[in-house]
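In: how would this look folded up:
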Amino acid sequence: MKDFFTPRSVAVIGASSHPEKIGFSVLKNVIDGGYDGRIYPINPTSDNLLGLKTYPSLEEVKGTIDLAVIVVPAEVVPKVLLDCGKKHIHSAIIISAGFKEAGPAGIKLQESLSKIAATYNIRILGPNCLGIIDPTTKLNASFATNMPKKRNIAVFS
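Out: Residues are numbered from 1 along each chain as shown. Just a heads-up that it's a prediction; the model follows:
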């Protein structure tokens with residue numbers, strides 16, 4: 001679980017330059033929260049997002065990635081999770097919605113995620129979740145805009 005709470009590097013897969021998209025919010029929150037590890041925005045059509053070099057795919061990242069934050073359409077998530085497995089990323093937050101809560105097609109997608117996760121030993125938070133906010137490590141890997149102050153309380157939901 002340390003890669004969820006103390007990652008040395010985070011990839012935001014589906015990072016976007018459009019402020020109305022969740023991929024923009026998540027990337028901006030990781031940066032603005034003060035996270036001091038490596039940040040790898042993944043977007044096949046941009047070279048730079050919010051001042052960071054952008055990579056077209058996980059495969060193009062030369063460094064190790066501890067945590068993947070996935071914000072792509074539901075139908076693309078299984079391929080992305082498979083790419084995470086091939087890259088040896090063992091912790092993933094799937095913010096994307098459109099799975100079990102969306103009916104039979106979503107159930108099949110979610111089942112495919114479970115199979116990929118089991119095959120590659122990937123722990124998943126999600127799908128269809130807010131993400132993680134940890135003021136201790138200054139990691140706001142979510143679409144919630146405010147970083148809470150560091151206190152002696154934790155909330156898991």
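In: for this structure, which residues score under the pLDDT cut-off?
Out: For the chain, applying pLDDT under 70 flags the ranges 156-157.
In: all strands of this protein, in order?
Out: Chain-ordered strands for the chain, with DSSP state E as the definition, fall at 9-13, 38-42, 48-49, 52-53, 67-70, 91-94, 123-125, 131-134, 139-142.
In: deepest-packed of these, please.
Out: Greatest average neighbour count among the strands of the chain goes to strand 67-70 (a mean of 28), per mean count of other CB atoms under 10 Å. The C-beta positions use only the backbone N, C-alpha and C, and glycine is treated the same way.
In: neighbouring strands - and their directions - for it?
Out: The sheet places strand 67-70 alongside strand 9-13 (parallel), strand 91-94 (parallel), with pairing taken from DSSP bridges.
In: could the ones you listed be laid out in a markdown table, adding distance to residue 133?
Out: Formatted as a markdown table, the strands paired with strand 67-70 follow (distance: least, CB to CB, whole Å):
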| stretch | distance to residue 133 |
| --- | --- |
| strand 9-13 | 13 |
| strand 91-94 | 11 |
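In: okay if I get the strands of the chain as a markdown table plus distance to residue 26?
Out: As requested, the strands of the chain are exported to a markdown table (distance: least, CB to CB, whole Å):
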| stretch | distance to residue 26 |
| --- | --- |
| strand 9-13 | 6 |
| strand 38-42 | 10 |
| strand 48-49 | 11 |
| strand 52-53 | 13 |
| strand 67-70 | 6 |
| strand 91-94 | 9 |
| strand 123-125 | 13 |
| strand 131-134 | 7 |
| strand 139-142 | 7 |
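In: out of these, which is closest to residue 29?
Out: With distances scored as CB to CB, the stretch of the strands of the chain nearest to residue 29 is strand 139-142 (4.1 Å).
In: show me what contacts the residue nearest to the spatial centre of the chain?
Out: For the chain, the residue whose C-alpha lies nearest the mean C-alpha position (CA atoms, centre = their mean) is residue 69; its distance is 0.4 Å. Residues touching residue 69, when contacts are defined by CB atoms under 8 Å, 6 or more residues apart in numbering, comprise 10, 11, 12, 13, 26, 30, 92, 93, 95, 131, 141.
In: of all the residues you listed, which two lie farthest apart?
Out: Within the contacts of residue 69, two members stand farthest from each other by CB to CB: 30 and 92, at 14.7 Å.
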